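# need a 3D model of the sequence below.
(one chain, ligands or ions: 1)
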Amino acid sequence: MSDFQNLAQAVIGANQQGVKEITRSMIDGGVDPVRIINEGLIPGMNVVGVRFKAGDMFVPEVMMSAKAMSVGIEMVKPLIAEGDMPSQGTVVMGTVKGDLHDIGKNLVIMMLESAGFKVIDLGVDVPADTFVKAVKEHRAQIVGLSALLTTTMLAMKATLETLRQEGVTDRVKVIVGGAPVSQEFADQIGADGYAPDAAAAAELCRALVS
Ligand code: B12
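From the prediction side, this is the model:
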């Protein structure tokens, strides 16, 4: 098995020590940190997702895998954010009300930071008003909404409506994402953009501010 496969396997097995050791040896071996994430850590978490869906893994195990994944992420993060890139602008990011998933959002944040954006992370279960306040306070150019549940896609729509009512959408672009979200849904609710993954999210933000 390749290092990438071993790393994915360690995430699947919630083997924090394994993730730590393999990630360390890959970093020391000069492997591109973005590849460590995209070809090792994320594929591992994807398998966890499939098994969870099939009922072969349960919530506590999924959380342990998520924890193992974040051990690796924390190790590569400083390497990606390295280099004093000029700020491209400010992005406010959060997972919408009722939704506690944040692994994907955190990955998007990491990619945005590495692309030179300043990111204000509002965390999870974020009420619409908090987004409004943060955009005003930080003079953000972009707001990113994340949702992982079909039920909280409705909260995403409601959040966008609040941003519109408060006049915030006149000066910021709203982008949306998360596993159940699609370009079609983004168009339907009138978002300015959608991206299927963290790398595409960084591209999207670059395009929106240029
Ligand atoms: C990990 C996980 C959990 C963890 C979350 C831990 C955490 N800190 O995030 C825990 C165990 C807590 C959890 C809880 C629940 N979960 Co859950 N969970 C998952 C799982 C397995 C993986 C999600 C994940 O992290 N994926 C990896 C990341 C990297 O991918 P991602 O989030 O999609 O993000 C990427 C893109 O979507 C995009 N992106 C994400 N956000 C944004 C934002 C913007 C602006 C942009 C541009 C892009 C973008 O970029 C990211 C990086 O590439 C998924 C299954 C799946 N395959 O999605 C189920 C899943 C999302 N959960 C599900 C469910 C049902 C639940 C619970 C209701 C379970 C329960 N009965 O208690 C609760 C809900 C809690 C709540 N109120 O939120 C369902 C949702 C079903 C549905 N259609 O609504 C899923 C799909 C599993 C399933 N098939 O049943 N879950």
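# the helix or strand containing residue 108 near the ligand at all?
Assigned by DSSP states H and E, residue 108 belongs to helix 103-114. Yes - using C-beta under 6 Å from any ligand atom, helix 103-114 comes into contact with the ligand via 103-105, 107-108. The C-beta positions use only the backbone N, C-alpha and C, and glycine is treated the same way.
# which of those residues lies closest to the ligand?
When those are ranked by distance to the ligand (C-beta to the nearest ligand atom), residue 104 comes first, at 2.0 Å.
# the ligand contacts on this structure?
So far as C-beta under 6 Å from any ligand atom goes, the chain lies against the ligand at 42, 45, 48-49, 52-53, 59, 62-63, 66, 98-105, 107-108, 144-146, 148-150, 175-180, 195, 197-198, 201.
# now, of those residues, which are buried?
The neighbour count (16 or more other C-beta atoms under 10 Å) marks 42, 45, 48, 62, 66, 98-99, 101-105, 107-108, 144-146, 148-149, 175-178, 195, 198, 201 as buried among the residues of the chain next to the ligand.
# circling back: contacts for the helix holding residue 108?
Residues outside helix 103-114 that contact it (C-beta atoms under 8 Å, 6 or more residues apart in numbering) are 34, 37, 42, 45, 66, 69-70, 73, 77, 80-81, 91, 93-95, 119, 121, 124, 144, 146, 148, 177-179, 198-199, 201-202, 205.
# check stretch 24-44 too.
Contacts for stretch 24-44 (C-beta under 8 Å, 6+ apart): 3-5, 7-12, 19, 22-23, 65, 69, 72-73, 75-76, 79-80, 107, 114, 199.
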